[in-house]
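what shape does this take:
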Amino acid sequence: MKTMTDCPGHERCESPLCPLHDDLDDCLWYPDEDVCSSRGYTKLHWLKKQKRIKRLKLSSNVGYFTAKMLSSIKAVSKSIKGIDPDGRASIDVWLGRRAPTPSP
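Numbering: from 1, shown residues only. Model (predicted):
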């Protein structure tokens, strides 16, 4: 199993969401923070969404995201909101709001 130190850019990387992080579920990312630039992980769905959000140049005021949250995002737009770090919403509540509604 690879670890973060196996990444050739690990010494200069500032991304809080590393594909090689031992406990990725506990990592938080704000849209004004760095994104992994390793070419070996460009196909990860959550990383693609993260890069799209980063291109929007949103501030950290939109809240934070986890890899699981990023994976659940269907479309990225300027209106996207993460979780307010000062609020009471949990990741499960955030994900529940995006769950597809069952068809009758």
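
C-alpha only now, for contacts and for neighbours.
OK.

so for the longest helix belonging to the chain, what gets flagged as buried?
Using DSSP state H, we find that the single longest helix of the chain is helix 45-55. Within helix 45-55, the residues that count as buried by 16 or more other C-alpha atoms under 10 Å are 46, 47, 48, 49, 50, 51, 53, 54.

distance to residue 27 for the residues you listed - can I get that in TSV?
Output for those, formatted as TSV (distance: C-alpha to C-alpha, whole Å):
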residue	distance to residue 27
46	13
47	13
48	17
49	16
50	13
51	16
53	17
54	17
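
if we can go back for a sec, figure out how far the following helix or strand past the longest helix of the chain is from the centre of its chain.
Per DSSP states H and E, the first helix or strand lying C-terminal to helix 45-55 is helix 67-72. Here the centre of helix 67-72 is set off from its chain's centre by 6 Å, with C-alpha atoms, centre = their mean, to the nearest Å.

right, and the helix or strand after helix 67-72?
As assigned by DSSP H and E, the chain's next helix or strand after helix 67-72 is helix 91-97.

how many residues are close by residue 8?
As a burial measure, residue 8 scores 10 neighbours (other C-alpha atoms under 10 Å).

any idea how far residue 77 is from it?
Distance of residue 8 to residue 77, given as C-alpha to C-alpha, to the nearest Å: 32 Å.

give me the residues contacting the longest helix of the chain.
31-32, 35-36, 41-42, 67-68, 70-73, 76-77 (C-alpha atoms under 8 Å, 6 or more residues apart in numbering).

could you dump those residues to JSON lines with pLDDT, distance to residue 85 and neighbour count?
Below are the contacts of helix 45-55 laid out as JSON lines (pLDDT from 0 to 100; distance: C-alpha to C-alpha, whole Å; neighbours: other C-alpha atoms under 10 Å):
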{"residue": "31", "pLDDT": "96", "distance to residue 85": "13", "neighbour count": "24"}
{"residue": "32", "pLDDT": "95", "distance to residue 85": "15", "neighbour count": "17"}
{"residue": "35", "pLDDT": "94", "distance to residue 85": "20", "neighbour count": "20"}
{"residue": "36", "pLDDT": "91", "distance to residue 85": "22", "neighbour count": "20"}
{"residue": "41", "pLDDT": "87", "distance to residue 85": "28", "neighbour count": "14"}
{"residue": "42", "pLDDT": "88", "distance to residue 85": "28", "neighbour count": "13"}
{"residue": "67", "pLDDT": "95", "distance to residue 85": "16", "neighbour count": "22"}
{"residue": "68", "pLDDT": "94", "distance to residue 85": "16", "neighbour count": "16"}
{"residue": "70", "pLDDT": "96", "distance to residue 85": "16", "neighbour count": "20"}
{"residue": "71", "pLDDT": "94", "distance to residue 85": "20", "neighbour count": "16"}
{"residue": "72", "pLDDT": "94", "distance to residue 85": "19", "neighbour count": "14"}
{"residue": "73", "pLDDT": "94", "distance to residue 85": "19", "neighbour count": "16"}
{"residue": "76", "pLDDT": "95", "distance to residue 85": "20", "neighbour count": "14"}
{"residue": "77", "pLDDT": "94", "distance to residue 85": "21", "neighbour count": "9"}
